[in-house]
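Trainee: Need coordinates for the below:
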Amino acid sequence: MLTQAERHTFYKSKAWVSIRKEALKRDNYECQECKRQGKVFTDYHDPDKHKRLDVDHIKDLEHHPELALDIDNLTTL
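Mentor: Here you go, the predicted structure:
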């Protein structure tokens, strides 16, 4: 299990920044939960659109650190 300090360090790492960008691209910069609900925001010209997106771990980092950089364990929200 990772401590809060270890998680904080992880989220500042180059590896996380890189895989996060890959996940955003894979998900077409769209919230996957909104997409499942049919509420996809389609104004691709909105410069603030990407600022509201997060990339989350499906299985949380605290309990599943081995999946930290597994793109299949990431989703854009």
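
Trainee: Render the CA-only coordinates of the helix ranked longest in the chain in CSV, please.
Mentor: Assignment by DSSP state H gives helix 14-26 as the longest helix of the chain. C-alpha atoms of helix 14-26 as CSV (Å, rounded to 0.1, in the frame of the first residue of the first chain):
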residue,chain,number,x,y,z
LYS,A,14,7.5,12.1,-15.6
ALA,A,15,6.1,8.6,-16.0
TRP,A,16,2.7,9.6,-14.7
VAL,A,17,2.6,12.8,-16.8
SER,A,18,3.4,10.8,-19.9
ILE,A,19,0.8,8.0,-19.3
ARG,A,20,-1.8,10.6,-18.3
LYS,A,21,-1.3,12.3,-21.7
GLU,A,22,-1.6,8.9,-23.5
ALA,A,23,-4.9,8.2,-21.6
LEU,A,24,-6.3,11.6,-22.5
LYS,A,25,-5.5,11.0,-26.2
ARG,A,26,-6.9,7.5,-26.1
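
Trainee: Distance of the residue nearest to the spatial centre of the chain relative to Trp16?
Mentor: When CA atoms, centre = their mean is applied to the chain, the residue found nearest the centroid is Val55 (1.2 Å). Note on Val55: its distance to Trp16, by CB to CB, to the nearest Å, is 9 Å. Yep, even glycine has a C-beta here, placed from its N, CA and C like the rest.
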